[in-house]
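Engineer: Sequence and predicted structure below; questions after.
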Amino acid sequence: MDSTTMTIRVPVAVHEKLARLSRGTKRSRSYLAAEAVSAYVDRELAIIEGIQQGLADVSAGRVTPHDEVIAELHAVIDAAERKKAAQG
């Protein structure tokens, strides 16, 4: 895997916690920091990409009106309640 060096500033408390985690896991602080940054970036990109896809769906008219969604949700809940009442 290719890598590069990046310098960041973190609060002293975070640095100390990272050091404790490093000792506890027998991993380097650098390794743990890289894992944390990678997980954060992946999660945030997934959120951004989901928002962009949603906006594209709205622009293309691929939407369901709120009232229809609520009506379908209520129908599912009512059916589940009827099934539960019939069983009990």
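Structural biologist: Perfect, I can see it now.

Engineer: Name the SS class of the nearest residue to residue 63 once chain neighbours are set aside, please.
Structural biologist: Leaving aside its sequence neighbours, residue 63 sits nearest to residue 57 (C-beta to C-beta, 6 or more residues apart in numbering; 6.4 Å). C-beta here means a position set from N, CA and C on the backbone, and glycine is covered the same way. Following DSSP: H, G, I helix; E, B strand; the rest coil, the label given to residue 57 is helix.

Engineer: Give me the neighbour count for residue 30.
Structural biologist: 13 (other C-beta atoms under 10 Å).

Engineer: can you pull the pLDDT of it?
Structural biologist: Per-residue confidence at residue 30 stands at 96 (pLDDT).

Engineer: Likewise for residue 88?
Structural biologist: At residue 88, pLDDT is 79.

Engineer: how near is the residue nearest to residue 63 to residue 25?
Structural biologist: As judged by C-beta to C-beta, to the nearest Å, residue 57 and residue 25 stand 42 Å apart.

Engineer: same thing with residue 55?
Structural biologist: With distances taken as C-beta to C-beta, residue 55 is found 40 Å from residue 25.
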